[in-house]
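*Asks:* Predicted model follows, preceded by the sequence.
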Amino acid sequence: MSYWLIKSEPFKYSYDQLVKDKKTVWDGVRNYAARLNLRAMKKGDLAFFYHSNEGMEIVGIAKITKEAFQDPTTTDERWVAVEVAPYKKLKKTVPLAAIKEVPALKEMDLVRLGRLSVQTVKPEEWALILEMSEEKA
């Protein structure tokens, strides 16, 4: 299993909205590095759901339910989307400021590549974030 982080501005699409919708297509991504990450996602992988701009915190976990397919928001075949579903809302959100204070997370994509909307998360980073959220790894 691989781990990921997906970002959304909560006023556009929040984790609570994902819970309400039960699933969504993660589309509209127009960054080459993010596209590579979308293509690498496998059904069953987990992704932290990060609220960007407002809150700037990890609020929940989503599960990849459908692997990369043609992004329905464009006819350009190079762009892909995945389907995600809610997996678990975190007991305690994990703010970016708190992540930046942990030396073991200084190389995390979220810290180094702040603008990237679909990111990789290493297993040890995943475990640390879960610990910070008071979840079991």
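*Replies:* Arrived safely.
*Asks:* got any ranges where the protein has weak pLDDT?
*Replies:* Across the chain, the ranges flagged by pLDDT under 70 are 136-137.
*Asks:* Tell me which stretches of it form strands.
*Replies:* Under the criterion DSSP state E, strands of the chain are mapped to 3-8, 24-26, 46-51, 57-70, 80-95, 118-121.
*Asks:* which of the ones you listed sits most buried?
*Replies:* Neighbour counts (mean count of other Cβ atoms under 10 Å) averaged over each of the strands of the chain peak at strand 46-51, with a mean of 24. Quick note: C-beta positions are derived from backbone N, CA and C, even for glycine.
*Asks:* What strands line up against it, and which way round?
*Replies:* Strand pairing for strand 46-51, using DSSP bridges, gives strand 3-8 (parallel), strand 57-70 (antiparallel).
*Asks:* who's in contact with residue 34?
*Replies:* 116, 117, 118, 119 (Cβ atoms under 8 Å, 6 or more residues apart in numbering).
*Asks:* give me that answer again for 7 Å
*Replies:* For residue 34, the contact set (Cβ atoms under 7 Å, 6 or more residues apart in numbering) comprises 116, 117, 118.
*Asks:* quick one: it from residue 82, how far?
*Replies:* Here residue 34 is placed at a distance of 11 Å from residue 82 (Cβ to Cβ, to the nearest Å).
*Asks:* returning to what we had before: can you tell me which of the contacts of residue 34 comes closest to residue 54?
*Replies:* The shortest gap between residue 54 and any of the contacts of residue 34 belongs to residue 117, at 15.2 Å (Cβ to Cβ).
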